[in-house]
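A.B. asks: got a predicted structure plus its sequence, pasted below:
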Amino acid sequence: MTELLDLLDYRRRVGELYVEIRRLDPAAGHARWRAVRDELFGSHPSSAYDAEQRKSFGGLRYWPYDPRFRFVARVRAMPEERTDVVTSGGEAMVMRRFGAVDLPVGSLQVYWIDVYGGGVFIPFRDGTSGTETYGGGRYLLDTVKSADLGSTDAGELILDFNFAYHPSCVYNYKWSCPLAPRENWLTARIEAGERMPDQ
């Protein structure tokens, strides 16, 4: 039971963090996001790092905040299509593709995670994947995890690659996480957001 209550606390803290940073200037919000994530990763029992890894944790790595990678985009409707997204553990996770966002760095498909409660999900790979960032991609938007910077009054999504983060499987192989499907592979180098941890 303790493990489940710890996870509830972790998710609540992440949700509160995103509420807080939506009210801040983007650069200040980014600094706050980094500080709280380091605190959670380094000390919380539901961290993606296990207890042994947390002992030597020195902080996550990021590129400096770059406003060129912050965009506001309207979701372009696409025919809904159920698709299997491969996970790091080799299983398939069923998602529903329902739209796309067209950004200056390329277009990304937008998915609905088809599990209880659901949520909007935008994973991506880019020109840094496999070297400076995880080869399976990073997450730009994941409302299941409260990772959502909000939208404008016009209903457009705020998509800021400076807040892109790695899935939990990067830190510990016990996690199985959805990988960015081929349709969401960008050729541009997105030098923003989280970088690979020090080995």
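C.D. replies: Noted; the coordinates are in hand. For clarity, every value in this text was computed on a predicted model and none was experimentally measured.
A.B. asks: skipping adjacent residues, who's closest to residue 118 in space?
C.D. replies: Taking Cβ to Cβ, 6 or more residues apart in numbering as the measure, residue 118 lies nearest to residue 112, with 5.7 Å between them; neighbours along the chain are not counted. (C-beta placed from N, C-alpha, C; glycine too.)
A.B. asks: if you could redo that for residue 176, that was the one I meant.
C.D. replies: Nearest non-adjacent residue to residue 176, counting by Cβ to Cβ, 6+ apart: residue 89, 3.2 Å away.
A.B. asks: residue nearest the centroid of the chain?
C.D. replies: With the centre of the chain defined as its mean C-alpha position, the nearest residue by Cα atoms, centre = their mean is residue 139, 2.9 Å away.
A.B. asks: beta partners for that one?
C.D. replies: Listed beta-bridge partners, residue 139: residue 123, residue 165 (assigned using DSSP bridges).
A.B. asks: where's it relative to residue 103, distance?
C.D. replies: 15 Å (Cβ to Cβ, to the nearest Å).
A.B. asks: what do you get for residue 9?
C.D. replies: Residue 9 sits 34 Å away from residue 103, taking Cβ to Cβ as the criterion.
A.B. asks: who has more neighbours out of these two?
C.D. replies: The residue with more neighbours, out of residue 9 and residue 103 and counting by other Cβ atoms under 10 Å, is residue 103; that gives 18 against 14.
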